[in-house]
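**Q** compute the structure for the input listed below.
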Amino acid sequence: MSYSLGVDLGTTFVAAAIAHGERIEMFTLGDRTVVTPAVVYAREDGSVVTGEAAARRAVSSPDRVGREFKRRLGDPTPVVLGGTAHPVTSLLAALLRDVMDRVTETEGAAPGNVVLTHPANWGPYRRELFDEVPQLAGVEQVRTVTEPEAAAAYYAAARHLADGETVAVYDLGGGTFDATVLRRRAVGIDILGTPEGIERLGGVDFDDAILSYIDFTSGGALSELDMGSPQTAVALARLRQDCILAKEALSVDTETMIPVFLPSQHFEVTLTRAEFEGMIRAQVESTIGALSRTLRSAAVEPAALSAVLLVGGSSRIPLVARMISEALDRPTLVDAHPKYAVALGAAALAGEFASAAVGDPPGAAVGTANGTTNGATPRRAAARAGAVPAVEPVEGGASAVDTVLPTVFVPAPIPMESAPRTAVPDAGGPP
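**A** Okay, the predicted model is just below:
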């Protein structure tokens, strides 16, 4: 049976979801987790290892391991691994190729349609470069959509909205931030205004903040290291992993201990949630400012929002929900698996493209606020049972998602948690 695939090639993680007709579910990429690290390891023979296998080599051979390279797409300087230059497009293609191989092996055949996602704030140059990735990976029948559009499709598929209800999507991932505004209509969902993104803002930057904190509290122990020493590279690679674990721990605990193993000394640093929140508060304020600008472009007042949906792994940081609720005086909803939303939405759209290809009634258009589409004819389809979302431009610079809620499955239930609402005027930073 033919199926469709959605892939989120993120800055720090790669996620994939498959659509079998009306059934949409996550595909497990990792050995112990559904998502896999967006990490590559260059072997001496020139071949590349990806995912968890590459991440395991980060401590012992950090000079051969590349991570967060998606941020460098468009930078003419290649990524150097083990003394060899690698274009960012080829590294992203290696990640995609391994996803395709694993999915094809499990499903017994290649997917009929594939949808890839990218940040909303990418310009034409980087979108053109990103189009090279599936070509280098040998993948055909590929379309691309922005991450907010995919998140919108997921939200439409997973949650029932009343006609006229308006929500905002706040997507804070490992390396980028995107915001968009949605409104339910009789036969689908409109994407209102212009989605806005902030480049180089995400969980990676929060990890860097913790590293800087360790350096400060230790009297500059990290700054004094010999950065040309292999022992230093190994120690910093291990320390960065411990910083990631500390960041994640503070989403559920109020205090954590970070072990620091340097070539010349070993010590521990205690980090509280309050201290961590103080480090990242200004960056979170900037995301709320971007969300506010998106609301203004959509001509939507915060009071008109039913809720703000939090998407992306970094959105689980408690400070995020608290500051949004304080700034907008609206409740926030955080998914139990925020890393999955974009991939699930991409799979939903891939399934819609497949339906259109065989002549099913629903339209299959993915459009943006400026009226462009990604290889599909923009048209609005009548709702029918089992249809999955299609995004198209509508009047007033908005886009529309036509959907009537297909079945979405993930490895565990997706309860939605409502964050507390506290009215604090002007808590969202600059407009």
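
**Q** any idea how far the closest residue to P119 other than its chain neighbours is from N121?
**A** Counting by C-beta to C-beta, 6 or more residues apart in numbering, P119 lies nearest to T176, which is 4.5 Å off, once chain neighbours are set aside. C-betas here are computed from N, CA, C, even on glycine. Here T176 is placed at a distance of 7 Å from N121 (C-beta to C-beta, to the nearest Å).

**Q** same question, S251
**A** For S251 relative to N121 (C-beta to C-beta), the value is 26 Å.

**Q** ramachandran angles for the residue of the chain positioned farthest from its centre?
**A** Relative to the centre of the chain, the most outlying C-alpha is that of S264, 37.8 Å out, by C-alpha atoms, centre = their mean. Dihedral angles phi and psi of S264 (degrees, to the nearest 10) take the values phi -110, psi -10.

**Q** which ones are touching it?
**A** Listed by C-beta atoms under 8 Å, 6 or more residues apart in numbering, the contact set of S264 is empty.

**Q** now do it, the pLDDT please.
**A** With respect to pLDDT, S264 scores 90.

**Q** could you do R330 as well?
**A** 94.

**Q** what's the answer for R316, then?
**A** Looking at R316, its pLDDT stands at 89.

**Q** pretty sure it contacts L310?
**A** Yes. With contacts counted by C-beta atoms under 8 Å, R316 reaches L310, the gap being 7.4 Å.

**Q** shared neighbours, the two?
**A** Between them, R316 and L310 share the contacting residues V334, P338, judged by C-beta under 8 Å, 6+ apart.

**Q** which one of those two has more residues nearby?
**A** The neighbour comparison of R316 against L310 (other C-beta atoms under 10 Å) goes to L310, with 26 against 21.

**Q** report whether I24 is found in a strand, as I expect.
**A** Yes. The assignment for I24 by DSSP: H, G, I helix; E, B strand; the rest coil puts it in a strand.

**Q** and it, how many neighbours does it have?
**A** Other residues near I24 number 30, with proximity taken as other C-beta under 10 Å.

**Q** kindly report the same for N113.
**A** Neighbours of N113 under the rule other C-beta under 10 Å: 25.

**Q** what of the one 3 residues further on?
**A** By the criterion of other C-beta under 10 Å, L116 has 23 neighbours.

**Q** so in terms of bridging, what pairs with it?
**A** On the basis of DSSP bridges, L116 is bridged to V7, T144.

**Q** now it: how far from V204?
**A** The gap separating L116 from V204 is 21 Å, by C-beta to C-beta.

**Q** and the chain, what are its domains?
**A** Per automatic domain parsing, the structural domains of the chain span 4-146+342-377+403-409, 150-200+281-340+413-418, 203-276.

**Q** residues contacting I18?
**A** Applying C-beta under 8 Å, 6+ apart to I18 gives the contacts Y3, S4, L5, G6, I24, E25, F27, V103, E107, P111, A347.

**Q** quick check, it in a strand?
**A** Yes. The assignment for I18 (three-state DSSP) places it in a strand.

**Q** secondary structure element for G30, which one?
**A** For G30, there is no helix or strand it lies in under DSSP states H and E.

**Q** verify the stated contact: it with T36.
**A** Yes. Assessed by C-beta under 8 Å, G30 is found in contact with T36 at 4.4 Å.

**Q** okay, now A237: neighbour count?
**A** So A237, with other C-beta under 10 Å, has 18 neighbours.

**Q** now it, what's its secondary structure?
**A** helix.

**Q** spatially nearest residue to the residue most central in space within the chain (excluding sequence neighbours)?
**A** Against the mean C-alpha coordinate of the chain, by C-alpha atoms, centre = their mean, the closest residue is G173 at 4.6 Å. With sequence-adjacent residues excluded and distances taken as C-beta to C-beta, 6+ apart, G173 is closest to G312, at 3.8 Å.

**Q** just the pLDDT at A427, thanks.
**A** Value for A427, per-residue pLDDT: 33.

**Q** returning to that earlier point: counting neighbours, which of the contacts of I18 comes out on top?
**A** Highest neighbour count within the contacts of I18, by other C-beta under 10 Å: A347, with 37 neighbours.

**Q** tell me the secondary structure at it.
**A** Here A347 is recorded as helix under three-state DSSP.

**Q** tell me how far the residue lying closest to it once chain neighbours are set aside lies from R240.
**A** Among residues not flanking A347 along the chain, G6 sits closest, at 3.3 Å (C-beta to C-beta, 6+ apart). For G6, the distance to R240 equals 29 Å [C-beta to C-beta].

**Q** returning to what we had before: make CSV out of the contacts of I18 and add pLDDT and distance to R200.
**A** Shown next, in CSV, are these (pLDDT from 0 to 100; distance: C-beta to C-beta, whole Å):
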residue, pLDDT, distance to R200
Y3, 94, 35
S4, 95, 31
L5, 97, 28
G6, 97, 25
I24, 92, 31
E25, 94, 32
F27, 96, 29
V103, 96, 30
E107, 95, 36
P111, 95, 32
A347, 94, 27
